[in-house]
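Got a predicted model here, sequence first, then my questions.
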Amino acid sequence: MDLQNTPFNLEEIKQAYPQKFAPEGRIFKYIHRGDTLFVGTGCGVPQYLLRALAAYMESHPTAFFDAEVFQVWTLGIGPDIAKKFKSNFRLNTLFAGDDARETINQGLGDYTPAFLSQVPRLFKRKLLPLDVALIQTSLPDQHGYVSLGISVDLTKAAVDTAKLVIAQINTHMPRVPGDGFIHLNDIDFIIPYDEPLLEYSVGSDDQVIQRIGAYVSYLIQDGDTIQVGYGSTPNAILPHLTEDQHLGVHTEFLTDGIVALMKRGVVDNSRKNINPGRTIASFCMGTAETYSYINNNPKIEFRTIDYTNNPLIIAQHDNMVAINSALEIDLTGQATAESLGKTLYRGVGGQVDFMKGAAMARNGKSILALPSTAENSQVSRIVPFLKEGAGVTFGRGDVHYVVTEYGIAYLHGKSIRERAMELITIAHPDFKPWLIQEAKKLNIIYQDQAFIPGKRGEYPEHLETYKTTKTGLEIMLRPVKISDEPLLKDFFYNLSDKSLYRRFISMRKDMPHERLQEFVVIDYTQDMIILVVLKEGAKEEVIGMGEYNLDPVTHTAEVSFAVRDDYQGQGIGSQLLDYLTLLAKKQGLLGFTATVLFENNAMLHLFQKMDDVDLEKRFDGQTYELRMFFR
């Protein structure tokens, strides 16, 4: 990108502000022992300034001591520099990115946990006082204003509060509308140096991550406003959103993926009730193509981090969806995005701000997306409890949805036991038996909780389907899950006494946990239970259930089903029987058997209407014994 056509060029700056230009050695003499230095964020880091400062310290090793370099996530200050100049400065970071992780865990640097939305206030109240800000800007416009470009975030607050501001002016830095403009009068020294901005790409080619992305995309609807956090997992959803329309964006981190959706017209921000028509972000890490796109683009505004990440601002967005990731989540729903036990890995960052804001928003959703395993599938990311020393980034009340490559778990409003069963359902199959046993030891789930390990108990997601009944009712047909016990309990207790009797041919009316387990813990290779589900947002309601149980001797199956009384007569039973028949035929079964009370004319009529079967019927005075052989 070349912005040399800006009306105010470098020579004019030197003529207008000669006092702001000086040799680097003289400029760096204004840094004193014990000072606190702020370094610009991410790909906006002033690379040349850091190299020049390192060279100055190398040639002037006693120029200053015990300075503190404060950053959020700066690509460029690595462990080698921290070791080499450990007597000159010490790193203090808000986020343990790849560049700072080793430094901190070796005790060569510090980590300051804080919500990013609150950091500008820490600067202004001098709780984190700044002496020097090292920043990178664009060329100035004809009015003398430079742009912080791709790094407004905390950098604007640092400029406003630091005693000394040193700016690397770089023609490659785009000018981005919003809060990132600074007048030359507010900069103490200028060091012009052109170099390409750092680029950052989020890899998401992994099949597991793509599967997670597809699941998360199911939760996003037309007109939603989205925030996508740091990392490959949250960003994997973006390629799956091409069918959505009129999405909005309010985020801290603008990515290549969001820009791609803007170019396709998927993101147009037309339905946002806050800042309509504009994508709001705080910083950008991407490719040169993305930097070119955001240059002087009126559809984009970069705001300070205390605006973009303010939960009260976020909560004003109707249909706000926050999508973030974690390193580990336990069965109670608390998760860490900061550390693996005592080893610091990332940081609090801004994701908590967005998860809380989205949870408060009207029709908002907070989503945590993570692979089910780590370390080449040797370690489960879903654990009984977080490891000792782990930072609890997300509390038990912060997360609505958890998504892995094995499905979606909804935690909001659910008990610890229900949460544990939901999370076990989406855990990696290799770790489910272990999680069940550990949860029993901790009294999180029922002590007699049954479980079928391996392929026999692996949820057959591919059997989920949607149908429309003869009355136009939209229903979902899906296999039962081990976590469905609460749904089935509600279903059975919503059946009338007559329907219960017809289903079980028994006067028993209770449905305790011991009995419900028989319906939710099944061997999918032998038996099948299909639920009829109505979905309203995250809420699921079971209004029908059909099942068959294999008889290995005759290679037939006994079939039965029930429909809630207030939904009978709408064709639900027909849809259930048709789907169960299809599944049975695919399994190679020869037919069905059924026992029907003589008074249950509707059920009898349903079986008699079946196509492509030879029906045999025997009556014993109270029940009909039916045998239906598939043709």
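Thanks, I have the structure now.

Quick one: residues contacting K342.
By CB atoms under 8 Å, 6 or more residues apart in numbering, K342 lies in contact with 387-390. For the C-beta atoms, the positions are set from N, CA and C on the backbone; glycine is no exception.

I'd like the average pLDDT over the helix or strand where E102 lies.
Assigning secondary structure by DSSP states H and E places E102 in helix 101-105. Averaged across helix 101-105, pLDDT comes to 83.

List of residues touching the helix or strand just after it?
Sequence-wise, the next helix or strand downstream of helix 101-105 (DSSP H and E) is strand 109-111. Residues from elsewhere that reach strand 109-111, judged by CB under 8 Å, 6+ apart: 82, 90-94, 96, 100, 103-104, 344, 347.

Which pLDDT value goes with G347?
83.

picking that back up, helices or strands up against the helix holding E102?
helix 79-84, strand 89-93, strand 109-111, strand 343-344 (3 or more CB pairs under 8 Å, 6 or more residues apart in numbering; DSSP states H and E).

ok now that helix, how far from the chain's centre?
26 Å (CA atoms, centre = their mean, to the nearest Å).

One more: stretch 510-530?
32 Å.

Alpha carbons of that stretch, as CSV, please.
This file holds the C-alpha atoms of stretch 510-530, laid out as CSV (Å, rounded to 0.1, in the frame of the first residue of the first chain):
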residue,chain,number,x,y,z
ASP,A,510,-43.9,-42.7,37.7
MET,A,511,-40.8,-42.2,35.6
PRO,A,512,-37.8,-42.1,37.9
HIS,A,513,-34.2,-41.8,36.8
GLU,A,514,-33.7,-45.6,36.9
ARG,A,515,-36.5,-46.0,34.4
LEU,A,516,-35.6,-43.1,32.2
GLN,A,517,-32.1,-44.5,31.8
GLU,A,518,-33.5,-47.3,29.8
PHE,A,519,-34.6,-44.8,27.2
VAL,A,520,-31.5,-42.6,26.9
VAL,A,521,-28.7,-45.2,27.2
ILE,A,522,-29.0,-47.4,24.1
ASP,A,523,-26.9,-49.5,21.8
TYR,A,524,-27.4,-47.7,18.5
THR,A,525,-26.2,-50.7,16.6
GLN,A,526,-29.0,-52.8,18.0
ASP,A,527,-31.8,-50.5,19.0
MET,A,528,-33.1,-47.1,18.1
ILE,A,529,-35.1,-44.4,19.8
ILE,A,530,-36.2,-41.4,17.7
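
What residues sit buried inside it?
For stretch 510-530, a neighbour-count test (16 or more other CB atoms under 10 Å) marks 511, 516-517, 519-522, 524, 528-530 as buried.

Need the max-distance pair from the contacts of K342.
E388 and A390 (7.2 Å; CB to CB).

Now render the helices and strands packed on helix 101-105 as TSV, adding mean pLDDT and mean neighbour count.
TSV is the format used below for the helices and strands packed on helix 101-105 (pLDDT from 0 to 100; neighbours: other CB atoms under 10 Å):
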stretch	mean pLDDT	mean neighbour count
helix 79-84	64	16
strand 89-93	86	21
strand 109-111	88	20
strand 343-344	88	18
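
closest to I226 out of those?
strand 89-93 (27.3 Å).

Give the pairing partners of that closest one; include direction for each.
strand 67-71 (parallel), strand 109-111 (parallel) (DSSP bridges).

For it, output the C-alpha coordinates as PDB.
Taking C-alpha atoms only, strand 89-93 is exported to PDB below (Å, rounded to 0.1, in the frame of the first residue of the first chain):
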ATOM      1  CA  PHE A  89      13.800  -3.800  30.900                       C
ATOM      2  CA  ARG A  90      11.300  -6.400  32.000                       C
ATOM      3  CA  LEU A  91       8.300  -7.400  29.900                       C
ATOM      4  CA  ASN A  92       4.800  -6.900  31.400                       C
ATOM      5  CA  THR A  93       2.000  -8.200  29.100                       C
END
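
quick revisit: between E388 and A390, tell me which one has more neighbours.
A390 (23 against 7; other CB atoms under 10 Å).

What distance do you get for the nearest residue to the more buried one once chain neighbours are set aside to Y466?
What sits nearest to A390 in space, not counting adjacent residues and going by CB to CB, 6 or more residues apart in numbering, is T336, at 4.4 Å. Distance of T336 to Y466, given as CB to CB, to the nearest Å: 36 Å.

cool, and T556?
Applying CB to CB to T556 and Y466 gives a distance of 29 Å.

Between these two, which is the more surrounded one?
Remark: of T556 and Y466, T556 carries more neighbours, 20 against 11, as counted by other CB under 10 Å.

Specify the beta-bridge partners of that one.
With DSSP bridges as the rule, T556 is bridged to D551.

From what I see, it and F592 are in contact.
Yes. Counting by CB atoms under 8 Å, T556 touches F592, with 6.4 Å between them.

Spit out the residues that contact these two alike.
R627.

and D256, what does it touch?
Here D256 is in contact with 201-202, 286-287, 289-290 (CB under 8 Å, 6+ apart).

Turn the strands paired with strand 89-93 into JSON lines, columns for distance to M355.
Listed next are the strands paired with strand 89-93 as JSON lines, based on distance: least, CB to CB, whole Å:
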{"stretch": "strand 67-71", "distance to M355": "24"}
{"stretch": "strand 109-111", "distance to M355": "21"}
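
Which of those strands sits closest to N309?
strand 67-71 (17.1 Å).

show me what contacts I543?
By CB under 8 Å, 6+ apart, the neighbours of I543 are 475, 491, 532-534, 563-564, 567, 572.

For it, what are phi and psi?
Dihedral angles of I543 (phi, psi; degrees, to the nearest 10) stand at phi -120, psi 0.

Which pLDDT value belongs to it?
97.

separation between it and L477?
On the measure of CB to CB, I543 and L477 end up 11 Å apart.

Work out for me the element the closest residue in space to G349 that isn't next to it in sequence sits within.
Nearest non-adjacent residue to G349, counting by CB to CB, 6+ apart: F95, 5.6 Å away. For F95, there is no host helix or strand (DSSP H and E).
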